[in-house]
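1. next one to model:
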Amino acid sequence: MASLSVRNGRKADGTVAAALDGKRALVGPLDKRRPSSQPVLMGRDDWYRNKDWSAATEAPFRAKLSRSRSSRAQYLRIQASYLTDDHPQAALALIEEYFETGDEFDVPMAFCTQAEAYCGLGQIDEAVAAYKRALNWEETHPRHISPARTYYPKLVAENRLSSEYDYAVDILANRFQPMDLQFPLERYHWNGSNALIASELGHLAEAREFAERALQAAAQAESPFRFHRNVGIVRNSSDDFGRRIKRLARPSTLRSLFRLISPTR
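-> Predicted coordinates:
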């Protein structure tokens, strides 16, 4: 099994800046869900970012999609990504349409969207398989990168999928460079997943060290990017993932960081 040591050549405190690319930064959609009483004002690019899905929203989406000559595949994939939480079946259907286009640019991202939809349906085994398809694609297409390398190990750790531990640890150890962990949220996920898996495997000292690094990332209020200070920070560490990490940290460390970690930040 791959070593869990924090001295594995993939330090979690890298400082090399990388481009702010939505396909690489694990920050999710930045727009907020608008209240249902507020009228929906569709901008030029909003037609493929619908968060609700019905005949009334699908019809104009299809109309515009039919007029798209070069970006149809990307519009399908992006629209699906906005539906994974509330309309996972619709998201899965759109992803199938995406794959039918034969596009290769967004393949790993499409697999990630597929995995998120399966998670929304509670189909964890199918979600794991989709993330692994993304990781396999990236292995043969190294210029194509997706959040699968973060979300797959996190899903494994959250669900205590012991049969996946070896591969998850290998991904965490070998698919990241320091520049990939520039955002606090990425360091939180990376260290947190390592902590939970190490704990399950009985490596308690390493689990504690990873957990404390995760909490340090959660306490960081700003990203390292001057003009994007609110991008990629940890906004909520009070879910089960966060609670399990906190239980692994030293009580003294947890007390010193607790006042900095707010679920409402």
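2. need the contact list for the closest residue to residue 220 other than its chain neighbours.
-> Sequence neighbours aside, residue 184 is the residue nearest to residue 220 in space, at 4.1 Å (criterion: Cβ to Cβ, 6 or more residues apart in numbering). Yep, even glycine has a C-beta here, placed from its N, CA and C like the rest. Going by Cβ atoms under 8 Å, 6 or more residues apart in numbering, residue 184 touches 217-218, 220, 223, 232-234.
3. return the subset of these lying in helices.
-> Under the assignment DSSP state H, the contacts of residue 184 contribute 217-218 to helices.
4. could you list the low-confidence segments of the chain?
-> 1-44, 252-265 (pLDDT under 70).
5. give me that answer again for 80
-> Applying pLDDT under 80 to the chain flags residues 1-45, 251-265.
6. domain map for it?
-> 47-143, 182-265 (automatic domain parsing).
7. from the chain's centroid, how far away is the first one?
-> In this case it means domain 47-143. Chain-centre distance of domain 47-143: 15 Å, with Cα atoms, centre = their mean, to the nearest Å.
8. and that domain, end to end?
-> End-to-end distance for domain 47-143: 29 Å, by Cα to Cα, to the nearest Å.
9. give me the neighbour count for the nearest residue to residue 78 once chain neighbours are set aside.
-> In space, residue 78 comes closest to residue 48 once its chain neighbours are excluded; the distance is 5.4 Å by Cβ to Cβ, 6+ apart. For residue 48, the neighbour count with other Cβ atoms under 10 Å is 21.
10. going forward, the N-terminal residue is numbered 28.
-> Noted, 28 is the first residue going forward, which turns the last one into residue 75.
11. residue 75 and residue 106 touch, don't they?
-> Yes: using Cβ atoms under 8 Å, residue 75 is in contact with residue 106, at 4.5 Å.
12. do you have the strands of the stretch 178-292 of the chain handy? List them.
-> Counting by DSSP state E, counting those that start in this stretch, the stretch 178-292 of the chain forms no strands at all.
13. now residue 110, what's its secondary structure?
-> Assigned by DSSP: H, G, I helix; E, B strand; the rest coil, the conformation of residue 110 is coil.
14. so it versus residue 203, what's the distance?
-> Distance of residue 110 to residue 203, computed by Cβ to Cβ, to the nearest Å: 29 Å.
15. more neighbours, those two?
-> residue 110 (26 against 20).
16. any idea which element the residue lying closest to that one once chain neighbours are set aside lies in?
-> Once flanking residues are discounted, residue 110 sits nearest to residue 118: 4.1 Å by Cβ to Cβ, 6+ apart. Per DSSP states H and E, residue 118 falls inside helix 115-127.
17. not counting the helix or strand that comes right after that helix itself, show me its contacts.
-> Toward the C-terminus, helix 115-127 is succeeded by helix 134-147 as the next helix or strand (DSSP H and E). Helix 134-147 has contacts (Cβ under 8 Å, 6+ apart) with 50, 104, 107-108, 110-113, 115-116, 118-119, 122, 125-126, 151, 153-155, 157-158, 160-162, 164-165, 168, 171-175, 178-179, 182.
18. which of these count as buried?
-> By neighbour count, with 16 or more other Cβ atoms under 10 Å, these hold 104, 107-108, 110-111, 115, 118-119, 122, 125, 151, 153-155, 157-158, 160-162, 164-165, 171-175, 178-179, 182 as buried.
19. using PDB, list the CA coordinates for the helix holding residue 118.
-> Provided in PDB are the C-alpha atoms of helix 115-127 (Å, rounded to 0.1, in the frame of the first residue of the first chain):
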ATOM      1  CA  PRO A 115     -29.800  14.000 -10.500                       C
ATOM      2  CA  GLN A 116     -31.700  11.900 -13.000                       C
ATOM      3  CA  ALA A 117     -31.900  14.800 -15.400                       C
ATOM      4  CA  ALA A 118     -28.200  15.400 -14.900                       C
ATOM      5  CA  LEU A 119     -27.400  11.800 -15.700                       C
ATOM      6  CA  ALA A 120     -29.500  12.000 -18.900                       C
ATOM      7  CA  LEU A 121     -27.600  15.100 -20.000                       C
ATOM      8  CA  ILE A 122     -24.300  13.500 -19.300                       C
ATOM      9  CA  GLU A 123     -25.300  10.500 -21.400                       C
ATOM     10  CA  GLU A 124     -26.000  13.000 -24.200                       C
ATOM     11  CA  TYR A 125     -22.600  14.600 -23.600                       C
ATOM     12  CA  PHE A 126     -20.900  11.200 -24.100                       C
ATOM     13  CA  GLU A 127     -22.900  10.600 -27.300                       C
END
